[in-house]
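Chemist: Provide a 3D model corresponding to the input given below.
(one chain, ligands or ions: 1)
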Amino acid sequence: MFYINNIGVYIHVPFCNEKCPYCDFYSVSYDNDLEEKYINSIIREIKKSENFKADSLYIGGGTPSCIDPKRLASVITTAKNKFDIDNFAEITVECNPSNDFKKMIPVLASVGVNRISLGLQSAVFQERKALGRKAKPEDVQKAVELVRDEGIENISLDLMLGVPKQTEQSLKSSIDFCKSLDIEHISAYILKMEENTPFYKMKNILDLPNEDEVASLYICACNELEKSGFNQYEISNFSKNGKESKHNLKYWNCDEYLGFGASAHSFIDGKRFFYDRDLKSYINGSKSVLDGEGGSFEEYLMMRLRLTRGLREEAVKSRFGYGIPFDIKEKAKSMEQYGVIVCDDEGIRLTQKGFLLSNSIISKLI
Ligand code: SF4
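Modeler: Numbers count the residues shown, from 1 in each chain. I've put the predicted structure just below:
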């Protein structure tokens, strides 16, 4: 088994001002008292952790930007000191534009945050309304300007595909909006109906595009983003040259990462573990739960086929000591005729059409 020395560190901030009706991420309503206790617990756990060297730090949520800037800064500083995170590391904070954003960004810049990921989802009024997004596209624009003013040069926006009432035309106008902001990275996720969300209960009355329409929206997004200078490097991720998310690449490369906070997952030394989706038990010092072994060839194949570079023969050899197994290559070749997969001397990769069917292709391969 091959492991790198530098890990990625993830910190989960499970507070949101309001719950969006489609969202299944672990988050609770903002509460100042709980926030203070939670942040102290994260700092306590970071200090207790084994000493690793990290080259990426990702603060996700929830909405990290809705908490006290000084507390967030102290978490970042503690993690940087503990994991020897230097100026070349990628340090990302997920944010939503809000009234407090103006106070937050200078503080984040002062502690070395160099990448901001903003939730846009759509630039179209009726789609944003359906998604429960209160901020207007102009607020996102102002947020981008504020981030730039503070010298943070790496900005990512989230877009959502397959939202109620979305058409190719409306999607193109959201992409044009992103283009006009001259940002570096876009994540474009297909909306999933997660159980236990209000959207799931309403799915029959929401004006959702059907499966074929969602597939067309996805292909449309890939083509439009490509034309606008965003190279696709993963099923849902697009970037300008050299601006791929270093942290998220660790997940898709099956590299090691350490998570802190309720619901955070880790993969270290061949083991996967996670904390329960329960903020109070995290505050009370609950231990992480072992989730079994990780990093098998099957898992690596599954993750690498999310990337446009796909499963590379050389990388498989250097990680596992053997090349891509013959039977997997044969199965992949048999699917080439459908235009979903490409096999060549370098390895196996999925096409855009293949990305839409990735789950069934991967289960056929393994
Ligand atoms: S989508 Fe983001 S802002 Fe909305 S509830 Fe989920 S984590 Fe919070």
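
Chemist: can you give me how far stretch 203-219 is from the chain middle?
Modeler: Relative to its chain's centre, stretch 203-219 lies at 22 Å (CA atoms, centre = their mean, to the nearest Å).

Chemist: who's in contact with it?
Modeler: For stretch 203-219, contacts defined as CB atoms under 8 Å, 6 or more residues apart in numbering pick out 130, 161-168, 171, 188, 190-191, 193, 199, 352-353, 355-356. (Glycine included, C-beta is placed from N, CA and C.)

Chemist: now the buried members of these.
Modeler: Buried members of the contacts of stretch 203-219, scored by 16 or more other CB atoms under 10 Å, are 130, 161-164, 166, 171, 188, 190-191, 199, 352, 355-356.

Chemist: out of the residues you listed, which sit inside helices?
Modeler: Counting by DSSP state H, the part of the buried ones among the contacts of stretch 203-219 found in helices is 130, 171, 199, 352, 355-356.

Chemist: ok, those vs Leu72, which is closest?
Modeler: Distance to Leu72 across these (CB to CB) is lowest for Phe199, with 29.0 Å.

Chemist: would you mind measuring from the closest one to Gln166?
Modeler: As defined by CB to CB, to the nearest Å, Phe199 lies at a distance of 14 Å from Gln166.

Chemist: before we move on, what about Ile190?
Modeler: For Ile190, the distance to Gln166 - CB to CB - is 11 Å.

Chemist: where does the stretch 1-150 of the chain dip in pLDDT?
Modeler: Within the stretch 1-150 of the chain, the segments meeting pLDDT under 70 span 1-5.

Chemist: show me what from it comes close to the ligand.
Modeler: With CB under 6 Å from any ligand atom as the criterion, the stretch 1-150 of the chain comes near the ligand at residues 16, 19-20, 23, 25, 27, 61-63, 96, 119.

Chemist: which element is whichever residue of the stretch 101-250 of the chain sits closest to the ligand on?
Modeler: Closest to the ligand within the stretch 101-250 of the chain is Gly119: 5.7 Å, counting by CB to the nearest ligand atom. According to DSSP states H and E, Gly119 maps onto strand 115-121.

Chemist: pull that strand out as CSV, backbone CA atoms only.
Modeler: What follows is strand 115-121, C-alpha atoms only, in CSV (Å, rounded to 0.1, in the frame of the first residue of the first chain):
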residue,chain,number,x,y,z
ARG,A,115,-9.4,29.9,-1.4
ILE,A,116,-13.1,30.7,-0.9
SER,A,117,-15.9,28.4,-2.0
LEU,A,118,-19.2,30.3,-2.4
GLY,A,119,-22.7,28.7,-2.7
LEU,A,120,-24.3,30.3,-5.8
GLN,A,121,-26.4,27.3,-7.0
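
Chemist: you'd agree the residue of the stretch 101-250 of the chain closest to the ligand is up against Asn96?
Modeler: Yes: at 5.1 Å, Gly119 and Asn96 qualify as touching, with contact defined as CB atoms under 8 Å.

Chemist: which of these two has more neighbours?
Modeler: The residue with more neighbours, out of Gly119 and Asn96, is Asn96; 26 against 22, by other CB atoms under 10 Å.

Chemist: quick one: contacts for that one?
Modeler: Applying CB under 8 Å, 6+ apart, the residues near Asn96 are 17, 63, 65-66, 118-119, 135.

Chemist: cool, Leu191 as well?
Modeler: Leu191 makes contacts with 22, 160-163, 199, 208, as judged by CB under 8 Å, 6+ apart.

Chemist: which strand or helix spans His12?
Modeler: According to DSSP H and E, His12 maps onto strand 6-13.
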